[in-house]
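Novice: What follows is a predicted structure for the sequence shown.
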Amino acid sequence: MNIHKLARLTPFGREVVVQRVAAGVPVSTVAREAGVSRQTVYKWCRRAEAEAPNALHDRASTPHHSPQRLVRYRRRQIEKRRRQRWSSRRIAQYYSLPISTVVTEIRRLGLNRLSSLEPPRPVVRYERERPGELVHLDIKKLGKIGRVGHRIHGNRRTRVHGIGWEYTHTAIDDHSRLAYAEVLVDETAETTAGFLRRAVAWYAAHGIAVERLLTDNGSAYRSTHFATVALELGISQRFTQAYRPQTNGKAERFIRTLLTEWAYATAYGRSARRTSALPIYLTYYNFHRRHSALNDQPPASRLPVAL
């Protein structure tokens, strides 16, 4: 459930309000502490007394009955004509419908842009033949942690402003999916080049010689300093197609896994605790976590040498 960023009470906060009223605290006091009106407190108490499932969650705003809603066959007709590249006005005139209704339906179908009528691009999946032939690089910006945040307790009113950012630099081998990552202070060319040197040394310690890099078009990767360091290491560099992050899909998917299983997996309390947990997670990811693209084997199973 998505909570509005300006909402005074989350489901957890509503439960606290109900509990305090049940404990005998005056309604006016509870309302003042929660920053809401007494009517709001009474409303959540009444819903809690109903003992319905999810009684303290927001109710759906969808109407129970829509007599003017388009019937199913008319929806199919609109979609058919739109895929034939008919304009909204032409469809509305042809079926004697309000143009606003046709536009709304076309948007719902996701066909409001001409580009959406083009046949989808074929998905090109590839995998390099040997480790080190191609390594994907990317950077994820993460907010520093001053205390446990709203992702854990649900209260967005306790945000810590101005605490700063950290940058998780990642590298993942295209063939083996062996991954390396560091949490650094920025994403400048010097910092990124330093990460590249350490990543190449780390891969070399695992028997992998990095031959080529694939990066996005960020300023750090496009910098002369980064290109010089890559040249010194004997590594060629390629860039992703502009506005096509799918080109660097393995790095993007690895970052998503990092966020789910490391960055947001637990309440760290401080940034230093999150950073110290990264090497532990990388060991698990590389040597123990099963990967569906590797026939449910960990990335270490594709290393050229036994470790």
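Specialist: All right, it came through fine.
Novice: In the stretch 51-200 of the chain, mark out all the strands, start to finish.
Specialist: In the stretch 51-200 of the chain, strands defined by DSSP state E, counting those that start in this stretch lie at 135-143, 165-173, 179-184, listed in chain order.
Novice: Switch those strands over to TSV; also include mean pLDDT.
Specialist: Converted to TSV, the strands of the stretch 51-200 of the chain look like this (pLDDT from 0 to 100):
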stretch	mean pLDDT
strand 135-143	95
strand 165-173	96
strand 179-184	97
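Novice: Now do residue 301 against residue 128, distance only.
Specialist: 16 Å (CB to CB, to the nearest Å). Bear in mind the C-beta positions are built from the backbone N, C-alpha and C, glycine included.
Novice: Could you do residue 178 as well?
Specialist: Distance from residue 178 to residue 128, by CB to CB: 12 Å.
Novice: quick one, which of these two is more surrounded?
Specialist: Using other CB atoms under 10 Å as the criterion, residue 178 and residue 128 rank with residue 178 on top: 27 against 15.
Novice: Tell me which residue is most central in this structure.
Specialist: Most central in the chain under CA atoms, centre = their mean is residue 256, positioned 6.1 Å from the mean C-alpha point.
Novice: how about the nearest residue to residue 20, chain neighbours excluded?
Specialist: Closest residue to residue 20 apart from its sequence neighbours, by CB to CB, 6 or more residues apart in numbering: residue 30 at 5.0 Å.
Novice: likewise residue 55?
Specialist: If the residues on either side of it in the chain are set aside, residue 55 comes closest to residue 47, at 4.6 Å by CB to CB, 6+ apart.
Novice: Does the one you found belong to a helix, a strand or coil?
Specialist: Secondary structure assignment for residue 47 (DSSP: H, G, I helix; E, B strand; the rest coil): helix.
Novice: What segments of the stretch 201-307 of the chain are strands?
Specialist: Assigned strands in the stretch 201-307 of the chain, in chain order: 212-215, 236-239 (criterion: DSSP E, counting those that start in this stretch).
Novice: who wins for proximity to residue 7 among those strands?
Specialist: strand 212-215 (39.6 Å; CB to CB).
Novice: show me where pLDDT drops low in this protein?
Specialist: For the chain, applying pLDDT under 70 flags the ranges 1-2, 4-6, 148-154, 156, 158-160, 305-307.
Novice: Can you pull the domain assignment for it?
Specialist: According to automatic domain parsing, the chain comprises the domains 1-58, 72-117, 135-302.
Novice: Burial-wise, tell me which of these comes out on top.
Specialist: Each of the domains of the chain was scored by mean neighbour count; the highest is domain 135-302, a mean of 16, by mean count of other CB atoms under 10 Å.
Novice: Run through who's touching stretch 236-245.
Specialist: Residues outside stretch 236-245 that contact it (CB atoms under 8 Å, 6 or more residues apart in numbering) are 211-217, 221-222, 227, 230, 247-248, 252.
Novice: now with 6 Å?
Specialist: With CB atoms under 6 Å, 6 or more residues apart in numbering as the test, stretch 236-245 has contacts from 212, 213, 214, 216, 217, 230, 247, 248, 252.
Novice: Any figure for the gap between the closest residue to the second one other than its chain neighbours and residue 131?
Specialist: So that's residue 213. Computed as CB to CB, 6+ apart, the closest residue to residue 213 that is not its neighbour in sequence is residue 237, at 4.7 Å. Between residue 237 and residue 131 the distance is 18 Å, computed by CB to CB.
Novice: What is the burial count for residue 133?
Specialist: Residues contacting residue 133 under the criterion other CB under 10 Å number 16.
Novice: how much space is there between it and residue 105?
Specialist: Summarising the geometry, the distance separating residue 133 from residue 105, computed by CB to CB, is 48 Å.
Novice: do the same with residue 176
Specialist: 48 Å.
Novice: swap in residue 263?
Specialist: Residue 263 sits 40 Å away from residue 105, taking CB to CB as the criterion.
Novice: Could you do residue 136 as well?
Specialist: 40 Å.
Novice: same deal with residue 282?
Specialist: With distances taken as CB to CB, residue 282 is found 48 Å from residue 105.
Novice: Same question for residue 45.
Specialist: Using CB to CB, residue 45 is found at 41 Å from residue 105.
Novice: wait, residue 226 sits on residue 191?
Specialist: No: using CB atoms under 6 Å, residue 226 is not in contact with residue 191; the gap is 10.0 Å.
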